[in-house]
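*Asks:* have a look; sequence and predicted model below, questions after that.
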Amino acid sequence: MNINKLIVTSFKNLSINKLRTGLAMLGIIIGIGSVIALVSLGQATQSDVQSRIQSLGSNLLTISPGSQTSGGVRGAAGGVTTLTFDDAQAISSSPQITTINNVAPAYSGRSQIIAGSNNTNTSVYGVTSAYVSVRQIELQLGTFITDNDVSTHAKVAVLGPTVVDDLFDGNTNIIGQSIRINGALFTIIGVTKEKGGSGMQNQDDVIYVPLTTAQKQLFGVDYLSSIYLEAISSDVMIRAQNQVGYLLLSRHNLDTPAEADFTIMSQADILETISEVSGTFTTLLSGVAAISLLVGGIGIMNIMLVTVTERTREIGLRKALGAKKRIIILQFLIESVILTFTGGIIGVFFGIAGFYLYTVISGSTFVLSISSVFLAFVVSTAIGILFGWYPARRAANLQPIEALRYE
Amino acid sequence: MDTIIIKASRLTKVYNMEGVETIALSDISLQIKKGEFVAIMGPSGSGKSTLMHILGALDLPTSGEYFLDGQNVEKMTEDELADIRNRKIGFIFQAYNLLPRTSALDNVMLPMAYAGIPEDEQLKSAKQFLEIVGLGNRLHHTTNQLSGGQQQRVAIARSLVMDPAILLADEPTGNIASAQADEIMSIFQKLNEKGHTIIMITHEPDIAHYAKRIIHIRDGKIVEDARNGKQKKLTVS
């Protein structure tokens, strides 16, 4: 009996008992499919987070006010008022600072926004015109806040797409219309393009107003919540951090960096922090996937073991009719290979399709983890083949009559 | 035609089931010459099937020696045994043991496939033998579409396709009507006349009388071994 004939026989055998074949394949399909979907989900989430952070710009520095430590007494965080508009101007005008292109001071707070009968609660950013280039904001409609708007305390607003959805049900023909922020009337002059979250907050769920308007009219403050800096390139980030840091230290009359009442973070710093978090997340998901693979593998093992054991009588009969041990084992091996490979390919298909469906529904990026497909396929088929082969070999080693009597 | 084809001396078979020893065969010695037609009779549990399985190289005795066509079965390799079962022995099981959900033709072709016979020849002989047993119009019926008697005849066709020197039949007429039983016996007698050695288990004296020699077994021992003086002969058509 040659190999070709055996392959034909194997296909015949598999098609004779469609239910048994189908069940065995189902085990493999579910095993492989779930692992691929899970691992892909984990990796996609991680790369999603990273790409979103990178989309914020790799030469961005963020100065946040930190609590001042004086005489061992640390002030309350959050309520710090140490960053001012003058600090921002000093950074942009200082001759010692050679590494910064643009300075964008900002004040942000949350407000209740009303437009007609709709209302929402969202972040309101008081910004200057520099914000557009520093934070890489793109507009889909209208214009952004100008320097003139800032100096005249203009009551104009630029809306993020989420806010437009919330307030105007996605209707984009809204330039020139009015909204109320904390009761004050603002005219809409622009809508930004969709950008996605930055890990912590949704950058599309914001309203931009002139910095001075936000400080004086809306929130009644004279300090900043952050200053965004655009370095001339991503290679000079450390130098920029140092230059700005020492300038601010001397402006705040502080002697050493340990006393600093602000923190300067680069995107690299943020990326590192978030990568640590999402790395933990991926480890967790990989753990779940590993368990799925194990459980799937045990499922495959079970069904193959039962399927082949059930056919011990058939093996006995084949031996009684003169089949050599080698031929029987080869036949069952070929059947296992066909079964696990077909099941494996269908499983890969379903895993990818399931994950694709998830990305469509959730709007996240479709990144296929080739290594997980490979791993799931190899492990599952290896288990399938091993446990198709092992009981067949055991049965083929029996005397024909023992196998025939097997129940 | 005096060659001894089966020579068994002091065969015993002991089954050990969960610590309980059951003696199926004790000290059986037996010689069968080429061209004999032997019926083995005995009550159920007497060990006749066990003896048949050992004679058919499907099982090994616990002790004793068995020479099949001059070769010591115990000393043969697995593959040699497979060849013996394939080419020298045709076995008809009491429970037919056909492949389920497989056509009569495929079932009969199976031993030839293991012998490496080309497929067109397999097909030709399988058809020929199914016609001999009267199933020429049931070639493509699967096992579960055939009646007990028809399945029995497929099993007989399967045992004959390799033209084996020895035909071993375990209750070949156990499940079929007597008219069909006579038909099968006539096939056996024809084969016997062509020189095939036939050993058949039966509990029906009627059927046993088709054989030339009748051996009685009880409690794993041969209690009677006699030439059948009044062999029933069917008119060979």
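*Replies:* Yep, that arrived.

*Asks:* tell me the SS of the residue in chain A that chain B sits nearest to?
*Replies:* Closest contact between chain A and chain B, by C-beta to the nearest C-beta, is at A:Gly322 (2.3 Å). In short, each C-beta sits where N, CA and C put it, glycine included. Following DSSP: H, G, I helix; E, B strand; the rest coil, we place A:Gly322 in the coil state.

*Asks:* identify the residue spatially nearest to it, adjacent ones excluded.
*Replies:* Computed as C-beta to C-beta, 6 or more residues apart in numbering or on different chains, the closest residue to A:Gly322 that is not its neighbour in sequence is B:Asn86, at 2.3 Å.

*Asks:* contacting residues around the longest helix along chain B?
*Replies:* Ranked by residue count under DSSP state H, the longest helix found in chain B is helix B:178-193. With contact meaning C-beta atoms under 8 Å, 6 or more residues apart in numbering or on different chains, helix B:178-193 is reached by B:35, B:37, B:132-134, B:149, B:152-153, B:156, B:160, B:167, B:169, B:172-173, B:176, B:198, B:200, B:206-207, B:210, B:212, B:232-234, B:236-237.

*Asks:* returning to that earlier point: give the contact list for the residue of chain A closest to chain B.
*Replies:* Going by C-beta under 8 Å, 6+ apart, A:Gly322 touches B:Ala82, B:Asp83, B:Arg85, B:Asn86, B:Arg87, B:Pro111, B:Tyr114, B:Ala115, B:Met162.

*Asks:* ok, now B:Ala24?
*Replies:* By C-beta under 8 Å, 6+ apart, B:Ala24 lies in contact with B:Lys13, B:Val14, B:Tyr15, B:Gly47, B:Thr50, B:Gly220.

*Asks:* for the longest helix of chain B, buried residues please.
*Replies:* Buried positions in helix B:178-193, judged by neighbour count with 16 or more other C-beta atoms under 10 Å in any protein chain shown: B:Gln180, B:Ala181, B:Asp182, B:Glu183, B:Ile184, B:Met185, B:Ser186, B:Ile187, B:Phe188, B:Gln189, B:Leu191, B:Asn192.

*Asks:* give me the secondary structure label for the closest residue to A:Ala392 other than its chain neighbours.
*Replies:* Closest residue to A:Ala392 apart from its sequence neighbours, by C-beta to C-beta, 6+ apart: A:Phe332 at 3.4 Å. When classified by three-state DSSP, A:Phe332 comes out as helix.

*Asks:* ok, A:Phe332 to A:Asn13 distance?
*Replies:* Distance, A:Phe332 to A:Asn13, using C-beta to C-beta, to the nearest Å: 9 Å.

*Asks:* tell me which of those two has more neighbours.
*Replies:* Neighbours around A:Phe332 and A:Asn13, counted as other C-beta atoms under 10 Å in any protein chain shown, are more numerous at A:Phe332. The numbers are 27 against 21.

*Asks:* what's the per-residue pLDDT of that one here?
*Replies:* The model reports A:Phe332 with a pLDDT of 86.

*Asks:* cool, and A:Ile385?
*Replies:* 87.

*Asks:* against A:Asn59, how distant is it?
*Replies:* A:Ile385 is 53 Å from A:Asn59, where distance means C-beta to C-beta.

*Asks:* who in the stretch 201-350 of chain A is up against chain B?
*Replies:* For the stretch 201-350 of chain A, the residues in contact with chain B (C-beta under 8 Å from any C-beta of the partner chain) are A:313-314, A:317-327.

*Asks:* quick one: distance of the helix or strand of chain B with the lowest mean pLDDT to the chain centre.
*Replies:* Within chain B, no helix or strand scores below helix B:178-193, which has a mean of 86 by mean pLDDT, DSSP states H and E. Distance of helix B:178-193 from its chain centroid, counting by C-alpha atoms, centre = their mean, to the nearest Å, is 14 Å.
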